[in-house]
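Novice: Based on what follows, work out the 3D shape:
(one chain, ligands or ions: 1)
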Amino acid sequence: MSKPDLASEVSKILTDLGVSADRYIGGTLAVTSPVTGAEIGRLKEDSAAEAKAAIDKAHDAFLAWRNVPAPKRGELIRLLGEELRAGKAALGRLVSIEVGKITSEGLGEVQEMIDICDFAVGLSRQLYGLTIATERSEHRMMETWHPLGPIGIISAFNFPVAVWSWNAALAIVCGNSTIWKPSEKTPLTALATQALFEKALKRFIAEGGDAPANLSTLIIGGRDLGEILVDHPKVPLVSATGSTAMGRVVGPRLAGRFARAILELGGNNAAIVSPTADLDLTLRGVAFSAMGTAGQRCTTLRRLFVHDSVYDQLVPRLQKAYGSVTIGNPLEQGTLVGPLIDKQAFDRMQAALGEAKSAGGKVTGGERVEEGSADAFYVRPALVEMPAQTGPVEQETFAPILYVMKYSDFDAVLALHNAVPQGLSSSIFTNDIREAEAFVSARGSDCGIANVNLGPSGAEIGGAFGGEKETGGGRESGSDAWKAYMRRATNTINYGRTLPLAQGVKFDV
Ligand code: UN1
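Specialist: Residues are numbered from 1 along each chain as shown. Modelled structure (predicted):
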């Protein structure tokens, strides 16, 4: 592989998107591209005092922004959507360079941001409450939704900007300000996104819009800054995406001060391939969900249960696809699998494969693929035939490993499907309507996402996104996920001249 000068390209993209060079040159936080392992930027980190000051300023911004009518707040997000459309190619490319996603997935991530902006614009006119029947005469009862406060957003490396947008687009139309702590591995895409937001804000103000400074703030640094967000009394909600280990720290600390949490933690997503499955479609669905994004989506397919009547037809075809998938520079056309994010991810993958072998697993692939740099970690995705759901199969390893298991009984496989600690996404490939309906029914998949005849990854923004059990229970993005970013008030109004009490209570003084 020829070594592209990624640092210069990154610098050009950032300049074009409006980021000044002093933000990413000369700081202490070194950023490398997984494409080559080379350094592509050095950012200044925020101190604890700066992070706290940012929260205070975000709180001031909230106090002003909550008074701006919601449809006007939507106009700001409409402009952000326009900036994202204009910057899609550049930001998508930057995502590919900083995370190692293939070109279409880098662009797809920005499209996901545009989609949530469109959704949020419509939502800004639909923050509906209810009118509720009251038992008292000449009274009216209703439910209203109000802005909540400054919202903390902690995002992970693998969707470095889309996850911010799911939270920020909703939070802002709901009348909140936001403070964003991106992953230390991907702060450059965050700088670029913040610059696009600021462009939209400038246009909003030029149009006569009334927006405070510090509506969206970015804080750059490590775990200590995340902890400040989690512990700060002025932050009523933190939306955190990352490992279950991270959620175990964040969740109780937020609960300890009665703040809200949206937790998007580990997934250990499965698919069931039934005797009636369309195997051509299944092959494609499994290949994208399991190997796409080099296995680094929280929705990645990690467990595959194949009925014994189709096992010998499907598994050899899958092995062939695993053997021939194009691995390499994600910036080149035709590549389907780019690099892992770093050496630690590679080491974890190798350790999991070692454990799988000890548990009787038969491994195809999984080896390192040399791509011209000792510091870049490309691997052939691994397909592991397992005798049972044990050991590493029960954990999330953030790498392209697909554990394949045989089954014969539908109810037994449903039980196995649900017998892991995580509960994010799931799917079944079947043409049997009874199985399909059972899978999405109350006795079926216990996950937040359950699909039929498509893989578990690659959700659209229109549905609520998130999962159960150790996945954390949070919901982001579409449907009524916006309600988490607002506070609900029940209002009762007496327009009569008497004071009837609820439940018929008498209290005559
Ligand atoms: C994530 O991996 O953190 O459903 C999010 C999907 C994407 C989002 C993944 N829309 O795969």
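
Novice: Send me the helix or strand hosting residue 53 as CSV with only the CA atoms.
Specialist: Here residue 53, judged by DSSP states H and E, is contained in helix 48-65. Output in CSV follows, covering the C-alpha atoms of helix 48-65 (Å, rounded to 0.1, in the frame of the first residue of the first chain):
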residue,chain,number,x,y,z
ALA,A,48,-11.0,20.3,34.6
ALA,A,49,-11.5,24.0,35.3
GLU,A,50,-12.2,24.7,31.7
ALA,A,51,-14.7,21.9,31.5
LYS,A,52,-16.5,23.2,34.6
ALA,A,53,-16.5,26.7,33.1
ALA,A,54,-18.0,25.2,29.9
ILE,A,55,-20.8,23.6,31.8
ASP,A,56,-21.6,27.0,33.6
LYS,A,57,-21.7,28.7,30.2
ALA,A,58,-23.9,25.9,28.7
HIS,A,59,-26.2,26.5,31.6
ASP,A,60,-26.5,30.2,30.8
ALA,A,61,-27.1,29.3,27.2
PHE,A,62,-29.9,26.9,28.3
LEU,A,63,-31.6,29.6,30.3
ALA,A,64,-31.9,31.8,27.2
TRP,A,65,-32.6,29.0,24.6
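
Novice: and the chain, which of its residues are near the ligand?
Specialist: 112, 158-159, 163, 241, 297-299, 457-459 (CB under 6 Å from any ligand atom). All C-beta spots, glycine's among them, are computed from the backbone N, C-alpha and C.

Novice: Now for the residue nearest in space to the middle of the chain: which residues touch it?
Specialist: For the chain, the residue sitting closest to the mean C-alpha position, by CA atoms, centre = their mean, is residue 163 at 4.5 Å. For residue 163, the contacting residues are 153, 155-156, 241, 264, 476, by CB atoms under 8 Å, 6 or more residues apart in numbering.

Novice: Return the subset of those residues lying in strands.
Specialist: Members of the contacts of residue 163 lying in strands (criterion: DSSP state E): 153, 241, 264, 476.

Novice: what's the following helix or strand after the strand or helix carrying the residue nearest to the centre of the chain?
Specialist: Assessed by DSSP H and E, residue 163 sits inside helix 162-173. Toward the C-terminal end, the helix or strand that comes next after helix 162-173 (DSSP H and E) is strand 178-181.

Novice: same question for that following strand, mean pLDDT?
Specialist: For strand 178-181, mean pLDDT rounds to 98.

Novice: Compute the inter-axis angle for the helix or strand following it and helix 162-173.
Specialist: The helix or strand immediately downstream of strand 178-181 is helix 187-206, counting by DSSP H and E. Here the directions of helix 187-206 and helix 162-173 differ by 30 degrees (axes from the mean of the first three to the mean of the last three CA atoms, to 10 degrees).

Novice: Can you name every helix or strand that helix 187-206 contacts?
Specialist: For helix 187-206, the packing partners by 3 or more CB pairs under 8 Å, 6 or more residues apart in numbering; DSSP states H and E come out as helix 6-17, strand 29-32, strand 39-43, helix 70-86, helix 88-99, helix 162-173, strand 216-218.

Novice: Adding mean pLDDT and distance to residue 388 as columns, could you present those in TSV?
Specialist: Shown next, in TSV, are the helices and strands packed on helix 187-206 (pLDDT from 0 to 100; distance: least, CB to CB, whole Å):
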stretch	mean pLDDT	distance to residue 388
helix 6-17	97	44
strand 29-32	98	39
strand 39-43	97	43
helix 70-86	98	46
helix 88-99	98	34
helix 162-173	98	34
strand 216-218	98	46
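
Novice: So which of these is the most surrounded?
Specialist: Burial of the helices and strands packed on helix 187-206 is given as mean neighbour count (mean count of other CB atoms under 10 Å); helix 162-173 ranks first at a mean of 28.

Novice: ranges for the helices of the stretch 351-500 of the chain?
Specialist: Here the stretch 351-500 of the chain has its helices, by DSSP state H, counting those that start in this stretch, at 410-418, 433-439.

Novice: Arrange the ones you listed in CSV, one row each, with mean pLDDT and mean neighbour count as further columns.
Specialist: Below are the helices of the stretch 351-500 of the chain laid out as CSV (pLDDT from 0 to 100; neighbours: other CB atoms under 10 Å):
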stretch, mean pLDDT, mean neighbour count
helix 410-418, 98, 17
helix 433-439, 98, 16
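
Novice: As JSON lines, those with distance to residue 64 would be great.
Specialist: Formatted as JSON lines, the helices of the stretch 351-500 of the chain follow (distance: least, CB to CB, whole Å):
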{"stretch": "helix 410-418", "distance to residue 64": "47"}
{"stretch": "helix 433-439", "distance to residue 64": "48"}
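
Novice: biggest separation within the contacts of residue 163, which pair?
Specialist: Taking CB to CB as the measure, these span a maximum distance of 12.7 Å, between 156 and 476.
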